[in-house]
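Trainee: got a sequence here, can you model it:
(one chain, ligands or ions: 1)
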Amino acid sequence: MIPTRIAPVVIAVLLAALFAVAERARLRQDKREAARLDASGLLVLWPLIFGVFFGISCAEGLPVFFLLMGGVVVWLLTTLCDFLNWRLLTALPGLILGAVVAVQGGVGISSVKLPFMTDFVALGWAGPLVTVVWLATCAMVFGWNAGLLEIPLGVAGLAGLTMYGISLLQPEMVGPGAQYLAGMLGVLGLVLVPFARYLSRHTARAGAVTVGFVLGGLSVLGALKHTAFLVALLPLLVIGVPIFSVGYAYIQNLRHGGRSLTMGERRQNVDMLLLTQGYTRRQVVVLALAGTAYLCALALLLVWLIEVSFLVKALLLAAALVLGLATSYVILRLLPRPLRVERSGDRAISLLGVRVHTVGWEAALAQVEEFLGEDHPHMIVTSDSSTVMRAQEDQELREIMNQADLVTADGAGVVLAARLLNLPLEERVSGCDLVGRLCEAAARQHRSVYLLGGEPGVAQEAAAVLQRQVPGLCVAGTHHGYFNLEEEALLVREIAAAGPGVLFVALGIPRQEKWIKQHLEELGTPVCIGVGGSFDVISGRKKRAPVWMQRCGLEWAYRTWKEPWRLPRLAALPRIVWLTFRELLRR
Ligand code: UDP
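Mentor: Modelled structure (predicted):
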């Protein structure tokens, strides 16, 4: 039984793989025009050829055939509207006509069973009506999602494969005709995703509408025909992302409609909203398809649990949906994206009550060059999660940070917390990297640097390394960080006399920040910055985390692994996460 059911899908997979290899070869030769024509032709022809061939030859052949004929009507009329540059809504009569063709051929919901009812209720004349509305809705929803064609194609692919999976789990729920078509649509949709970008706009919209129509029909042919209430939810689940996308954007448009929203500003779906917020096409597509895959897995789970009571399934579904929505929200906030930061205004944000500047590397260095050109002293703080957490309890540190001339985000935790709170923080500007860049800036402006802190000898070694790395760098002096009060007064006078442009202070947080603040005016150094354990790393006494760990924001894990005494500091991480979520909920 199973092998004959699987055979057509295996053939489709093989043909699809052939198609994908051929298209990749063409694209490599940069014959995009050819790829566009081929892909668009195949988009329509494939399900037709396979559907007709396998559909007619099986028991439910006729409805499958009529569904596909309805699809042809839909495709032709939508293409016509597109070439005439009419809005998608004008294709609605065409969609209804296509749906009527399908219903005439036997595609339709005939009866339903509501939860806690024992018998099916015949729908009578309402059945065809509901079917037409459902088919037209599916087609329109997919059409409104055609802006990023990868999404309707991917959703159709995942939904098709899910229905195919359902047919294997519960063969009596899905007839063989619908099963074949589901398999074809699944394979075809996913194969076409990488080529979606090359399809022309016209093909895209008509193609998406047709795919939505066929998918809607498929769910009617399969799971919905004689359906229980929860089973009726399955098609809604598998195409839940496009439906949510259109519905949410519609509500947003309504909410803003009274105000300044022009037609051009109206968004048809969430994808377009996200693109305007700076997310990339790839990010939006991956998120939408991951969401669909999650919902498809849920649908399969519900079918698998078919014997379990309705209430348990409904509760499970509700919990999974809430979890899915919350996860998508968090992921969206955490994804990196270019932010529209007001350059002219104050470039600082308040993160859990601590000021952090929204500067990236470029802006931070430009700011430092400006400081170097001025006579009065400036203080720079590099702030990581543990600094932000300390500042929650240490009022003096918080005040110092809030008054500093520049506070950079020196930690993945700070950047992620800011993203989660939707605060415009550009990128991580780490203290350790900043030392080298500040030396370059000082050398450019013919100013010297002074290195204070670390074990005896470390600052000297670090200075020697920096001089090798930065040609023309002048080191005005170095001093270790273990001095008493008497020596301190002398040291401050010595630094002030040396007159460096930049003073690096490596005494650890929060001592270095408090020390700088205390002596800032007396020192008179244009740029004073606390750099923690940077000298240990620059001198080579301690190893820095591998680059991949730095990129993934895992430097803290490496440091803790190398120096286990830092373990208690990790308590800052869950606390910053908790405080960030609390702040998020308050908004
Ligand atoms: N240090 C110092 N004098 C002190 C305490 C610490 O010079 O009284 C130095 C220490 O040798 C080390 C740096 O300050 O080089 C602190 O490094 P750590 O990695 O602990 O810095 P943080 O994690 O606070 O950035």
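Trainee: from the centre of the chain, give me the residue that's furthest out.
Mentor: In the chain, the residue that sits farthest from the middle, by Cα atoms, centre = their mean, is Glu486; the gap is 55.2 Å.
Trainee: distance of it relative to Asn145?
Mentor: 73 Å (Cβ to Cβ, to the nearest Å). The C-beta positions use only the backbone N, C-alpha and C, and glycine is treated the same way.
Trainee: now swap in Thr408 and tell me
Mentor: To Asn145, Thr408 is 40 Å away according to Cβ to Cβ.
Trainee: Val132 now?
Mentor: For Val132, the distance to Asn145 equals 21 Å [Cβ to Cβ].
Trainee: again, but for Ala497
Mentor: Taking Cβ to Cβ, one finds Ala497 at 69 Å from Asn145.
Trainee: those two: which is more packed in?
Mentor: Asn145 (30 against 9; other Cβ atoms under 10 Å).
Trainee: pretty sure the more buried one contacts Leu153?
Mentor: No. Assessed by Cβ atoms under 8 Å, Asn145 is found out of contact with Leu153, at 9.9 Å.
Trainee: so where do the helices sit in the stretch 1-150 of the chain?
Mentor: Listed in chain order, the helices of the stretch 1-150 of the chain (DSSP state H, counting those that start in this stretch) span 2-28, 32-56, 61-83, 92-104, 126-144, 150-169.
Trainee: all helices in the stretch 401-550 of the chain, in order from the N-terminus.
Mentor: Assigned by DSSP H, counting those that start in this stretch, the helices in the stretch 401-550 of the chain fall at 412-420, 431-444, 458-469, 485-498, 511-523, 534-538, 547-551.
Trainee: what's the angle from the fifth one to helix 485-498?
Mentor: Taking axes from the mean of the first three to the mean of the last three Cα atoms, to 10 degrees, helix 511-523 and helix 485-498 form an angle of 50 degrees between their directions.
Trainee: buried stuff in helix 511-523?
Mentor: Neighbour-count burial for helix 511-523 flags Gln512, Glu513, Lys514, Trp515, Ile516, Lys517, His519, Leu520, Leu523 (criterion: 16 or more other Cβ atoms under 10 Å).
Trainee: check the fourth one too.
Mentor: Residues of helix 485-498 classed as buried under the neighbour-count rule (16+ other Cβ under 10 Å) are Val492, Ile495, Ala496, Ala498.
Trainee: Met379 falls within a helix, correct?
Mentor: No. Counting by DSSP: H, G, I helix; E, B strand; the rest coil, Met379 falls outside a helix, being strand.
Trainee: list the contacts of it.
Mentor: Met379 sits next to Ile400, Gln403, Ala404, Asp405, Leu406, Ile516, Lys517, Leu520, Cys528, Ile529 when contact means Cβ atoms under 8 Å, 6 or more residues apart in numbering.
Trainee: got JSON lines for the residues you listed, with distance to Leu507 and pLDDT too?
Mentor: Listed next are these as JSON lines, based on distance: Cβ to Cβ, whole Å; pLDDT from 0 to 100:
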{"residue": "Ile400", "distance to Leu507": "14", "pLDDT": "95"}
{"residue": "Gln403", "distance to Leu507": "19", "pLDDT": "92"}
{"residue": "Ala404", "distance to Leu507": "16", "pLDDT": "94"}
{"residue": "Asp405", "distance to Leu507": "19", "pLDDT": "94"}
{"residue": "Leu406", "distance to Leu507": "19", "pLDDT": "94"}
{"residue": "Ile516", "distance to Leu507": "9", "pLDDT": "97"}
{"residue": "Lys517", "distance to Leu507": "12", "pLDDT": "95"}
{"residue": "Leu520", "distance to Leu507": "14", "pLDDT": "95"}
{"residue": "Cys528", "distance to Leu507": "12", "pLDDT": "97"}
{"residue": "Ile529", "distance to Leu507": "12", "pLDDT": "97"}
